[in-house]
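Colleague: here is a sequence together with a model predicted from it:
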Protein chains: 2
Amino acid sequence: MVTLEDVARHAGVSLATASRVLNGSTRQVGASLRAKVELAAAQLGYRTNVAAQTLARGASNVIGLVVHDLTDPYFAAIADGAMRVAENQGLMVMIGTTHRDPQREIAYVSTLNAQRVRAVLLVGSRIADEQLTRQLREELDRYRETGGRAACVGQDLLGVDAVVPDNRLGAAALARALAGLGHRSFAVLAGPERLIASMDRVAGFAAALEELGLPAPRVLHGSFDREGGYSAATQVSGVTCVFAVTDVMAVGALAAFRDRGIRVPEDVSVAGFDDISTLRDLVPSLSTVRLPLAEMGARALEMALAPDEGARAQVVTGEVILRESTRALG
Amino acid sequence: MVTLEDVARHAGVSLATASRVLNGSTRQVGASLRAKVELAAAQLGYRTNVAAQTLARGASNVIGLVVHDLTDPYFAAIADGAMRVAENQGLMVMIGTTHRDPQREIAYVSTLNAQRVRAVLLVGSRIADEQLTRQLREELDRYRETGGRAACVGQDLLGVDAVVPDNRLGAAALARALAGLGHRSFAVLAGPERLIASMDRVAGFAAALEELGLPAPRVLHGSFDREGGYSAATQVSGVTCVFAVTDVMAVGALAAFRDRGIRVPEDVSVAGFDDISTLRDLVPSLSTVRLPLAEMGARALEMALAPDEGARAQVVTGEVILRESTRALG
DNA sequence: CAGACTTTGGAAAACGCTTTCCGGGAGGTT
DNA sequence: AACCTCCCGGAAAGCGTTTTCCAAAGTCTG
C-alpha cells in the first residue's frame, strides 16, 4: 500500500508538499516540485486513502441516497437524476434500499451519519405515523447538528429541504380532465391507507369530483406496487373510469382487466400517475400525470448541497397527459 | 461532534474500553463497565466516525458497484440482487453509473480503490477493445494487489471472479425453439458491433440456424437500448421472426412494428433476451430467454466477498420462455 | 536600498478510532 | 502457600491525511 509519505520521500519533498500537489489545496507549489511529485505518484501508483482524507478534512466526498426499491422505475428515475448531479460535483453516492420498511430508513440515516456523508437524500412518500416520523426527524436532526445536510423528495414533514410533488393538485387536474371526457363514475385504486402520497392523490381526486358535483369515487386499497394495482382492480365494477394512484399500479390494473376480459379503454378507462418512461410502450398507452422525476432528484440534491438557507420546499406540479388508456364517453 | 473519547470520559472509562464496547471487538468487557459505556453513548448521541474506523482498521465496510445505467431494469435487477447480499452482511453500497462510457468505468475502479472498498462489482458487458480492457485490468490489478476483491457480471475477461451468462447457448436454444415453431427467415436486432454480449447472442443464434440448415439471419445494428431496437426494427422486412438481443430492444421493436402497422405476432414474431420482470405486462407478452438477474448480482458479490481461491467463473444458462409475441407458423 | 508584503516549502500537530502491550487481580492447581 | 494462568482495564502507538505555523526567499514600494 503506497502512502503519501512514500510519494514524498520518492520525490524528495515533504509530506506537506506532496499533499498540496496531489489533493487540490489552496496553496501553490512550484512547477519543478510539482512535476517531481506527480511523477513519483504515477510511478508508484499512488491512490489517495479517502478514509484518511475524510478524517483529516472532517468532510467526505460522498452523499447518501435512501430509496424504497431500486427496481421500481419511479425510484430509479429519481436516483438517476440525483446521481447525475453528484457526478458533476465529483461526489460518490452511497445507496440504501429500505424495501419500504420505515425502521430501515431510520437506520440508514444513522449509518450515513456515521459515514459522515456530505448530504443525505430521502426519497419516497412518508407514512402518516407520528412516532416513526418523529424518530426519523430526531435522527436527521442529530445528523444535521453536526453539519450534515439533508433533503427529501416527498412530503415536507422532516424539517429538511424538500422537493414535494403536488399530489392533490395533480390528481385534481386529472379528475377534471377525465370528467371532461364525459366520465361520471369513478373508482380509485389506492395504495396503503396511511401512505401520504396515496392519501393525497385520492383526496385531490375526490375533492375535484365533488367540486364538479359528481359522485364520490369508490376507493380500493392495495399495496403500492403492481400487485396492489392488480388485486384492487379485480374488485372494480360498475364504473367507466379507474384512477390508479401510480403508473406501476395502473400496469397491474391493466393486467387484471385483461385477465377479466375487460377492454381498456373501450369498456373502462384507466389513468395512472407519475409518467414512468419505461412504461411508455404499454398498450394501450397510459394516461397519467407527468412528474419530472429525474429533475426532482436532481433538484433535491442541489438544494441539499447548496449553502444553508433554512429548510426550503420546492413544489413540483404534475402535468396531465391523456393517451390511449382513457377515452371520451358519449 | 461527540467522539469516542467524550463517551469514555463521560462513562469514566478508558478510550480502549469504550471502543471495545461500542464497536465489536474480540475482547470482553465486564458487564458494569459495558453498561456505563452504552448509557453514556446513548446519552451523548454518539455515532461512530466510520472514516476514523476505516483508517484504523485498514478495511472499510462498503462495497462498490459499477453499472452502466440504473434506469435500465436489467442493471437495476442485478444491482438489487447484489444489494440484498450486501445488506445481509452489514455492508453499505457505493454505486457508480458509467452511462456506457468505458473510461468512466476505469475511473470508478480507481475511485473505489481510493475509498478502499471491500469489494468492487463490475456489471455489464465488455466491449471488444484490447486497449480498454487492458487499462481496466491494470486498474483492477492495482486494486487487488492491495487486498481488494473484485468480481464482474458479464464476460470473464478481467482476471477476476465472474458470473457469466451463457449468451451463445441461450441464443442458440432460442433459435431452435423459434425454428421449432416453423420459422425459417429471421432478422436479428443487434446492439453495437463490438459489444460482446450482443456479439455472442448474435453468434449463438446464427450458429444454431446454420446447424439446422436454415438461411443466415439478417443482422441489423442499433444502440443497446429501446431506441436501438426501434430504429433497427424500422429496417426489417421479409422475415417471419425477429430476435432482439435484449428485451429492452424488443420493446423498441414492438413499438416500431406497431407504428408501421405490422401486427405482432400475426405478421411477425418477436423475441427478446433477459426476461426483464417489469416488462412482463407488455402486450403481446414477450418471448425471451430468462436470466436470473437478481441472483446473478447476488452470486457475483458473494464470490467477491468469499475468501480468495483464485479467480472463478460461474456460468449461468438462460431458459427459453415462449409467450405471446411469437407464434407457430403454418 | 530598507522595510513591508507575498510566496513557497517543511515540521509537526491534529483528526477519531483500533489494537498491541502491560500490569494487576482473580481463580485454579499442586 | 506458592506458582501459573486467565481476564480485563488502561496507556499509548499507530493508521494516512490535512493544515497551521514558521522560516526563508523573493517581490514590491517609495
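Modeller: Cool, the structure landed. Nothing here was measured: the structure is a model prediction, and the numbers come from that model.
Colleague: quickly find the element holding A:A151.
Modeller: strand A:149-153 (DSSP states H and E).
Colleague: near DNA strand D, which residues of the stretch 51-200 of chain A are found?
Modeller: A:52-53, A:55-57 (C-beta under 7 Å from any atom of the strand). Quick note: C-beta positions are derived from backbone N, CA and C, even for glycine.
Colleague: among the residues you listed, which ones are buried?
Modeller: Listed as buried from these are A:52-53, A:55; burial here means 16 or more other C-beta atoms under 10 Å in any protein chain shown.
Colleague: near DNA strand C, which of those residues show up?
Modeller: A:52, A:55.
Colleague: mind checking which of the buried ones among the residues of the stretch 51-200 of chain A next to DNA strand D are in helices?
Modeller: A:52-53, A:55 (DSSP state H).
Colleague: looking at those residues, which one is closest to DNA strand C?
Modeller: The closest of these to DNA strand C turns out to be A:L55 (C-beta to the nearest atom of the strand; 4.1 Å).
Colleague: neighbours of the residue nearest to the closest one when sequence neighbours are not counted, how many?
Modeller: Beyond its immediate neighbours in the sequence, the residue positioned closest to A:L55 (C-beta to C-beta, 6 or more residues apart in numbering or on different chains) is B:A51, lying 4.5 Å away. By other C-beta atoms under 10 Å in any protein chain shown, the residues close to B:A51 number 24.
Colleague: list the contacts for B:A51?
Modeller: Residues near B:A51 by C-beta atoms under 8 Å, 6 or more residues apart in numbering or on different chains: A:50-52, A:54-55, A:60, A:115-116.
Colleague: can you redo the residues you listed as CSV with pLDDT and distance to A:A294?
Modeller: What follows is the contacts of B:A51, written out as CSV (pLDDT from 0 to 100; distance: C-beta to C-beta, whole Å):
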residue, pLDDT, distance to A:A294
A:V50, 95, 28
A:A51, 96, 32
A:A52, 96, 35
A:T54, 95, 29
A:L55, 95, 34
A:S60, 93, 25
A:Q115, 94, 25
A:R116, 94, 27
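Colleague: ok, those residues vs DNA strand C, which is closest?
Modeller: A:L55 (4.1 Å).
Colleague: need the pLDDT of the residue most central in space within chain A.
Modeller: Residue closest to the average C-alpha location in chain A (C-alpha atoms, centre = their mean): A:V123, at 3.7 Å. As predicted, A:V123 sits at a pLDDT of 98.
Colleague: that one and A:Y74 touch, don't they?
Modeller: No - the criterion here is C-beta atoms under 8 Å, and A:V123 misses it with A:Y74 at 9.0 Å.
Colleague: can you pull out the helices in the stretch 101-250 of chain A?
Modeller: For the stretch 101-250 of chain A, helices defined by DSSP state H, counting those that start in this stretch occupy the ranges A:102-114, A:130-145, A:167-180, A:196-211, A:226-233, A:247-260.
Colleague: among those, which comes closest to DNA strand C?
Modeller: Using C-beta to the nearest atom of the strand, the nearest of the helices of the stretch 101-250 of chain A to DNA strand C is helix A:102-114, at 8.4 Å.
Colleague: ok, for A:R184, nearest residue in space, not its chain neighbours?
Modeller: A:L214 (5.8 Å).
Colleague: let me redo that: A:A11
Modeller: In space, A:A11 is closest to A:A40, 3.8 Å off (C-beta to C-beta, 6+ apart).
Colleague: residue contacts, the residue nearest to A:R184?
Modeller: So, once contact is read as C-beta under 8 Å, 6+ apart, A:L214 ends up touching A:179, A:184, A:186.
Colleague: nearest to chain B among those?
Modeller: For the contacts of A:L214, the closest approach to chain B (C-beta to the nearest C-beta) belongs to A:F186, at 22.6 Å.
Colleague: now the closest residue to that closest one other than its chain neighbours: phi and psi?
Modeller: Sequence neighbours aside, A:P217 is the residue nearest to A:F186 in space, at 3.9 Å (criterion: C-beta to C-beta, 6+ apart). With angles defined as degrees, to the nearest 10, A:P217 sits at phi -80, psi 160.
Colleague: next, count neighbours for A:P217.
Modeller: 22.
Colleague: once you drop chain neighbours, what's closest to A:V251?
Modeller: Nearest non-adjacent residue to A:V251 (C-beta to C-beta, 6+ apart): B:D281, at 5.0 Å.
Colleague: what about that neighbour, helix or strand, and which?
Modeller: Applying DSSP H and E, one finds B:D281 in no helix or strand.
Colleague: that one touches A:L254, doesn't it?
Modeller: Yes - B:D281 lies in contact with A:L254 (C-beta under 8 Å); the separation is 6.6 Å.
Colleague: which residues of the stretch 1-150 of chain A lie near chain B?
Modeller: A:1, A:45, A:47-52, A:54-55, A:60, A:62, A:69-71, A:73, A:76-77, A:79-80, A:83, A:87, A:92-97, A:110-111, A:113-116, A:142, A:146-147 (C-beta under 8 Å from any C-beta of the partner chain).
Colleague: sorry, back to before: any residues in contact with both of B:D281 and A:L254?
Modeller: Taking C-beta under 8 Å, 6+ apart as the contact rule, the neighbours common to B:D281 and A:L254 are A:L282.
Colleague: report all helices and strands that the strand holding A:A151 contacts.
Modeller: strand A:119-123, helix A:130-145, strand A:161-165, helix A:293-305 (3 or more C-beta pairs under 8 Å, 6 or more residues apart in numbering or on different chains; DSSP states H and E).
Colleague: residues of chain A that sit close to DNA strand C?
Modeller: So chain A meets DNA strand C at A:13-17, A:27-30, A:32-33, A:52, A:55-56, A:58 (C-beta under 7 Å from any atom of the strand).
Colleague: from these, list the buried ones, please.
Modeller: Buried among those (16+ other C-beta under 10 Å): A:13, A:17, A:29, A:33, A:52, A:55.
Colleague: the fourth one: what's it in contact with?
Modeller: Each residue near A:L33 by C-beta under 8 Å, 6+ apart is listed here: A:11, A:13, A:17, A:21.
Colleague: of the residues you listed, closest to B:G297?
Modeller: A:V21 (39.3 Å; C-beta to C-beta).
Colleague: how about the nearest residue to that closest one, chain neighbours excluded?
Modeller: Using C-beta to C-beta, 6+ apart, the nearest residue to A:V21 is A:V37, at 4.1 Å.
Colleague: helix or strand for that neighbour, which one?
Modeller: helix A:31-44.
Colleague: what mean pLDDT does that helix have?
Modeller: Helix A:31-44 comes out at a mean pLDDT of 92.
Colleague: may I have it as CSV, with CA atoms only?
Modeller: Below are the C-alpha coordinates for helix A:31-44, written out as CSV (Å, rounded to 0.1, in the frame of the first residue of the first chain):
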residue,chain,number,x,y,z
ALA,A,31,6.4,23.9,-11.0
SER,A,32,9.5,21.8,-10.6
LEU,A,33,8.5,20.3,-7.3
ARG,A,34,5.0,19.8,-8.6
ALA,A,35,6.3,17.8,-11.5
LYS,A,36,8.5,15.7,-9.3
VAL,A,37,5.6,14.8,-7.1
GLU,A,38,3.3,14.0,-9.9
LEU,A,39,5.9,11.8,-11.5
ALA,A,40,6.6,9.9,-8.2
ALA,A,41,2.9,9.4,-7.7
ALA,A,42,2.4,8.0,-11.1
GLN,A,43,5.5,5.7,-10.9
LEU,A,44,4.4,4.3,-7.5
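Colleague: got the buried residues for that helix?
Modeller: Under 16+ other C-beta under 10 Å, the buried positions of helix A:31-44 are A:33-34, A:36-38, A:40-41.
Colleague: report whether that helix contacts DNA strand D.
Modeller: No - for helix A:31-44 and DNA strand D, the contact criterion (C-beta under 7 Å from any atom of the strand) is not met; the two come no nearer than 9.8 Å.
Colleague: OK, contacts around A:G222?
Modeller: A:G222 neighbours (C-beta under 8 Å, 6+ apart): A:189-191, A:228-232, A:249, A:252.
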